[in-house]
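[1] curious how this folds, go ahead:
(2 chains)
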Amino acid sequence: MKLVTLAEAIRRHVVDGACVALEGFTHLIPFAAGHEIIRQGRRGLHLVRMTPDLIYDQMIGMGCASRLTFSWGGNPGVGSLHRLRDAVEHRWPAPLEIDEHTHAGVAAAYSAGAARLPFAVLRGYLGTDLAAANPRVRSVECPFTGERLAAVPALNPDVTILHAQRADRQGNVAIHGILGAQREAALAARALVITVEEIVEALPPAMNGVVLPHWVVSAVVHCRGGAYPSYVQGHYARDNGFYQRWDAIARDRAGFRAWMDQHVLGSADHASFLASLGAAA
Amino acid sequence: MSDWTREEMMTVAAARLLWDGCVCFVGIGLPSAACNLARLTHAPDIVLIYESGTLGTRPNVLPLSIGDGELAETAACVVPLGEVFSYFLQAGRVDVGFLGAAQLDAHGNLNSTVIGPYDAPTTRLPGAGGATEIAAHARQTFVMLKATPRSLVARLDFRTSPGFLDGDGARSRTTMRGAGPRTVITDFGVLTPEPGSEELRLSALFRGATAGEARAAVGWPLRVAGEVEAIEPPSPLELETLRALHARTREAHSRPVRIPS
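    Here you go, the predicted model:
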């Protein structure tokens, strides 16, 4: 059994300078794991996520990252990610190299990574300045038709971290609801850490359901509420109010640092973090 | 003084462009309101696709994010994000892509990436997300954006999503599957591409708006179509349906969410 504490999983699998993907498209974003990376003071990470969302805004603002691969960097339905913007516009708290793509490009790059192919091919990045801005967006000629197609290098994170509904005692993990590129990111990674809402004795046979089998999972962490303020289908809803309030919290450096100090660094673990928000409300 | 706002008029005008049964790839914000208004009025069998992988979704309230649980719970099916872009969009299975942006130019190209130089932007915007490939591969696109001096511009700071490129058929010489922007809906009315040059020109006005207002709001010398259509104001049913949708949405988004423990 690979059941470990969150602190142990991060200590073992996330080292300074690593390429790390915390995936989950709006749904199942592994906030607890991101917070633990911040508490352990990791530096120089290459962060990969289609949508950086609040969790990477926090990690970037706390100085964990030196590079970001992404395709859409806003606060969904609200506006900017102010810490990401500050890093790109003013190099605060540290310069951030950006590797910018489209959703279709990142999804294809994870798929290629999962298949251990060197690059992904798609009819993408057409008529955009992105290819000129990013040297990792190139093109290849189809050997059969001669068509020029976009090529992006495969994504193979050192570690992918996901949040999911359930794992069983053997370490098999079941996910349902909006999947984003979770499965591709999981199978593209060299190590896979998964936080889950609940541990069950055994999962029922899944047929077409999404299960990550135990032999591809490096560590499972029991972490209730681990995706909050994102959500877990069947367990708790997305806290849209929190996403709206984040805009004001993250707008200036001092307010952001004070919030992170009080709620993330000031909490020993995720349960204490959630309790601190309840107390503040 | 009218009893509807310009934003309501934009949403209603956009909804009317959609037909029953059409397969529509929806962006968040104004496009999402327009697509759901169409579904709740004249197009009950419209197929709405959000890039989170929710196909055929019928949300009771508008989602704040592109991946709210509401979209998954009311979807005909939920597929991985990569499949939405490869098997559905790139494969040509989407009739309409509905997009917003920060900037639009005279040929319907869109910027949602940066204001200022890419390497040292004055304003870093969210970026492409799904828009670049939606703009390329949906059979046609509709664009909604509010008219400000910084939004309808002669020259984009960055081209995130293709419209007609430089016009005069440039787009048709690429491998994009879709035909490009068919209609742009903005505060004063509607712009459509002029045949041949593919330059956007004024083709319809909302009640109370004028060609002079349109010219003043647009950063390129705006041409006016031979016949400028007058767009019917929102009907009582359209207005009631839209306002009820927004009221339900506000109520749902202000409901406190229990913090898990």
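[2] going by C-alpha atoms from here, please, whenever you check contacts or count neighbours.
    Noted.
[3] low-confidence ranges in the stretch 1-150 of chain A?
    A:1 (pLDDT under 70).
[4] nope, the stretch 151-281 of chain A is what I meant
    For the stretch 151-281 of chain A (pLDDT under 70), the answer is A:280-281.
[5] mind doing that once more with 80?
    A:279-281 (pLDDT under 80).
[6] can you count the residues close to the residue of it found nearest chain B?
    Proximity of the stretch 151-281 of chain A to chain B (Cα to the nearest Cα) peaks at A:Gly180, 4.6 Å away. A:Gly180: 28 surrounding residues under other Cα atoms under 10 Å in any protein chain shown.
[7] and it, that one's in a strand?
    No: counting by DSSP: H, G, I helix; E, B strand; the rest coil, A:Gly180 falls outside a strand, being coil.
[8] mind listing what it touches?
    A:23-25, B:52-53, B:80-82 (Cα atoms under 8 Å, 6 or more residues apart in numbering or on different chains).
[9] for PyMOL, what selects the buried ones among these?
    The buried residues among the contacts of A:Gly180 can be selected in PyMOL (16 or more other Cα atoms under 10 Å in any protein chain shown) with this line:
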select buried, (chain A and resi 23+24+25) or (chain B and resi 52+53+80+81+82)
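[10] and the nearest residue to B:Ala43 once chain neighbours are set aside, what does it touch?
    Closest residue in space to B:Ala43, ignoring its immediate chain neighbours: B:Asp20 at 3.9 Å, by Cα to Cα, 6 or more residues apart in numbering or on different chains. Contacts for B:Asp20 (Cα under 8 Å, 6+ apart) come out as B:39, B:42-46.
[11] with the contacts of A:Gly180 in mind, which one is nearest to B:Trp220?
    B:Ser52 (35.7 Å; Cα to Cα).
[12] just the pLDDT at the closest one, thanks.
    Per-residue pLDDT puts B:Ser52 at 95.
[13] contacting residues for it?
    So B:Ser52 contacts A:25, A:178-180, B:66-67, B:80-81 (Cα under 8 Å, 6+ apart).
[14] biggest separation within these, which pair?
    B:Ile66 and B:Pro80 (13.8 Å).
[15] picking that back up, can you turn the buried part of the contacts of B:Asp20 into a PyMOL selection?
    In PyMOL, this line selects whichever of the contacts of B:Asp20 come out buried by 16+ other Cα under 10 Å:
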select buried, chain B and resi 39+43+45+46
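[16] now the contacts of B:Asp20 in TSV, with pLDDT and secondary structure?
    Rendered in TSV, the data for the contacts of B:Asp20 read as follows (pLDDT from 0 to 100; DSSP: H, G, I helix; E, B strand; the rest coil):
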residue	pLDDT	secondary structure
B:Arg39	98	helix
B:His42	98	coil
B:Ala43	98	coil
B:Pro44	98	coil
B:Asp45	98	coil
B:Ile46	98	coil
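[17] follow-up on the earlier one: what about the residue nearest to B:Ala43, which helix or strand?
    Assigned by DSSP states H and E, B:Asp20 falls within no helix or strand.
[18] got it, and A:Ala174?
    Going by DSSP H and E, A:Ala174 is part of strand A:173-175.
[19] just checking, what packs against whichever helix or strand comes after that strand?
    Using DSSP H and E, the helix or strand that follows strand A:173-175 towards the C-terminus is helix A:182-188. In terms of contacts (3 or more Cα pairs under 8 Å, 6 or more residues apart in numbering or on different chains; DSSP states H and E), helix A:182-188 is packed against helix A:103-114, strand A:159-168.
[20] so what's the gap between the helix or strand following helix A:182-188 and the chain middle?
    Per DSSP H and E, the first helix or strand lying C-terminal to helix A:182-188 is strand A:191-200. In terms of Cα atoms, centre = their mean, to the nearest Å, the centre of strand A:191-200 is found 15 Å from the chain centre.
[21] does whichever helix or strand comes after strand A:191-200 reach chain B?
    Counting by DSSP H and E, the next helix or strand C-terminal to strand A:191-200 is strand A:210-212. No: for strand A:210-212, no contact with chain B is found by Cα under 8 Å from any Cα of the partner chain; the gap never falls below 10.3 Å.
[22] neighbouring strands - and their directions - for strand A:210-212?
    strand A:173-175 (antiparallel) (DSSP bridges).
[23] related to what we said a few turns ago, columns distance to B:Ala147 on top of the helices and strands packed on helix A:182-188, output as JSON lines?
    Output for the helices and strands packed on helix A:182-188, formatted as JSON lines (distance: least, Cα to Cα, whole Å):
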{"stretch": "helix A:103-114", "distance to B:Ala147": "27"}
{"stretch": "strand A:159-168", "distance to B:Ala147": "41"}
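[24] I'd like those as CSV, with distance to chain B and mean neighbour count appended.
    Below are these laid out as CSV (distance: least, Cα to the nearest Cα, whole Å; neighbours: other Cα atoms under 10 Å in any protein chain shown):
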stretch, distance to chain B, mean neighbour count
helix A:103-114, 5, 27
strand A:159-168, 14, 26
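[25] after the one helix or strand B:Ala34 maps to, next one along is what?
    Element membership of B:Ala34, judged by DSSP H and E, is helix B:30-40. Later in the chain than helix B:30-40, the nearest helix or strand by DSSP H and E is strand B:47-50.
[26] after that next one, next one along is what?
    strand B:54-55.
[27] mind giving me the packing neighbours of that following strand?
    Other helices and strands packing on strand B:54-55, by 3+ Cα pairs under 8 Å, 6+ apart, are strand B:47-50, strand B:77-78.
[28] got a list of what the spatially closest residue to B:Thr210 that is not a sequence neighbour touches?
    Spatially, and ignoring its direct neighbours in sequence, B:Thr210 is nearest to B:Phe188 (7.4 Å; Cα to Cα, 6+ apart). Going by Cα under 8 Å, 6+ apart, B:Phe188 touches B:6, B:147, B:205-206, B:209-210, B:213-214.
[29] mind putting those residues into TSV with pLDDT, neighbour count and secondary structure?
    Formatted as TSV, the contacts of B:Phe188 follow (pLDDT from 0 to 100; neighbours: other Cα atoms under 10 Å in any protein chain shown; DSSP: H, G, I helix; E, B strand; the rest coil):
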residue	pLDDT	neighbour count	secondary structure
B:Arg6	95	18	helix
B:Ala147	93	19	coil
B:Leu205	98	22	strand
B:Phe206	97	20	coil
B:Ala209	96	15	coil
B:Thr210	96	13	coil
B:Glu213	95	11	helix
B:Ala214	96	22	helix
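[30] just the residues you listed now: which is nearest A:Asp252?
    Nearest to A:Asp252 among the contacts of B:Phe188, with distances taken as Cα to Cα, is B:Ala147, at 28.6 Å.
[31] give the contact list for that closest one.
    B:186-188, B:217-218.
[32] up against chain A, what does the stretch 151-261 of chain B have?
    Residues of the stretch 151-261 of chain B lying near chain A (Cα under 8 Å from any Cα): B:158-162, B:165, B:175-176, B:253-254, B:256-261.
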